[in-house]
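S.K.: What follows is a protein structure lacking sequence information:
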């Protein structure tokens with residue numbers, strides 16, 4: 001606003017909430033074109049009315065779904081070779097309220113729900129509530145059996161560390177944690193547990 005304009009000559013607008021007129025203010029100098037309400041309370045009421053209208057629309061759609069979703073006609077937007085979009089009817093009966101479903105949005109929702117299901121399955125497996133009892137198991141270096149508990153130890157003159165199951169461990173150590181005279185190459189190196197084991 002240029003300086004020197006009298007108050008009675010300031011531009012005015014009508015509030016969309018209360019319907020009263022309000023004058024230009026210095027704080028609205030940069031956003032005057034976007035201002036639609038006269039005060040913060042009117043702006044708050046406008047937002048409340050907007051959310052209430054959204055909830056009412058959702059309730060109406062839910063009621064329609066309950067009454068008979070089969071009667072609603074669904075339209076899909078389909079691209080053609082010319083690049084022009086047309087709508088194809090995918091429902092059997094039609095009413096006065098056709099709903100438009102975007103095919104891309106539908107595929108996106110399907111991918112999202114599949115991703116959520118996979119995440120839930122992985123979380124359940126991590127927490128020991130999974131379906132697959134062999135998840136996270138490792139094989140014994142000697143008998144190749146998959147188990148949830150392995151013992152790390154050396155079993156021969158090479159000194160290479162091996163992961164052995166409980167049954168094989170009795171053979172390579174003689175059943176003694178620190179080994180005995182009959183197993184000179186045995187050396188204990190710790191335990192490995194499957195934390196994803198189904199409980």
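M.R.: Now that the structure is in, tell me what you want to look at. Because the structure is predicted, anything quoted here is derived from the model rather than measured. Numbering: from 1, shown residues only.

S.K.: Show me the helices in this structure, by range?
M.R.: For the chain, helices defined by DSSP state H occupy the ranges 40-68, 103-126, 166-173.

S.K.: Could you measure from the residue nearest in space to the middle of the chain over to residue 122?
M.R.: The chain has residue 116 as the residue nearest its centroid, 5.6 Å off, counting by C-alpha atoms, centre = their mean. To residue 122, residue 116 is 11 Å away according to C-beta to C-beta, to the nearest Å. Every C-beta, even on glycine, is put in place using the N, C-alpha and C of the backbone.

S.K.: List the contacts of the spatially closest residue to residue 132 that is not a sequence neighbour.
M.R.: In space, and not counting its chain neighbours, residue 132 is closest to residue 125: 6.6 Å by C-beta to C-beta, 6 or more residues apart in numbering. The neighbours of residue 125, taking C-beta atoms under 8 Å, 6 or more residues apart in numbering as the test, are 131-132, 135-136, 196.

S.K.: Which member of those residues is positioned nearest residue 50?
M.R.: Nearest to residue 50 among the contacts of residue 125 is residue 131, at 45.2 Å by C-beta to C-beta.

S.K.: Please report the distance of residue 117 from residue 193.
M.R.: 28 Å.

S.K.: Give me the phi and psi for residue 184.
M.R.: The phi/psi pair for residue 184 (degrees, to the nearest 10) reads phi -70, psi -20.

S.K.: What are the contacting residues of stretch 187-199?
M.R.: Residues contacting stretch 187-199 (C-beta under 8 Å, 6+ apart): 125-126, 128-130, 132-133, 135-138, 147-154, 159, 161, 163, 173, 177-179.

S.K.: now stretch 39-56
M.R.: Here stretch 39-56 makes contact (C-beta under 8 Å, 6+ apart) with 15-18, 22, 36-37.

S.K.: Give the ChimeraX command for selecting the buried subset of these.
M.R.: Filtering the contacts of stretch 39-56 down to the buried ones (16 or more other C-beta atoms under 10 Å) takes a single ChimeraX command:
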select :15,17,22,37
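
S.K.: now the contacts of stretch 39-56 in a markdown table, with pLDDT and distance to residue 6?
M.R.: Converted to a markdown table, the contacts of stretch 39-56 look like this (pLDDT from 0 to 100; distance: C-beta to C-beta, whole Å):
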| residue | pLDDT | distance to residue 6 |
| --- | --- | --- |
| 15 | 93 | 22 |
| 16 | 91 | 27 |
| 17 | 90 | 28 |
| 18 | 91 | 25 |
| 22 | 91 | 17 |
| 36 | 91 | 25 |
| 37 | 92 | 25 |
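
S.K.: Looking at the contacts of stretch 39-56, which are in strands?
M.R.: residue 22 (DSSP state E).

S.K.: so where is this structure shaky, pLDDT-wise?
M.R.: Scanning the chain for pLDDT under 70 picks out the ranges 1-2, 59-101, 128, 130-131, 198-199.

S.K.: So the closest residue to residue 142 other than its chain neighbours versus residue 141, what's the distance?
M.R.: Once flanking residues are discounted, residue 142 sits nearest to residue 168: 4.4 Å by C-beta to C-beta, 6+ apart. The gap separating residue 168 from residue 141 is 8 Å, by C-beta to C-beta.

S.K.: Cheers, nothing more for now.
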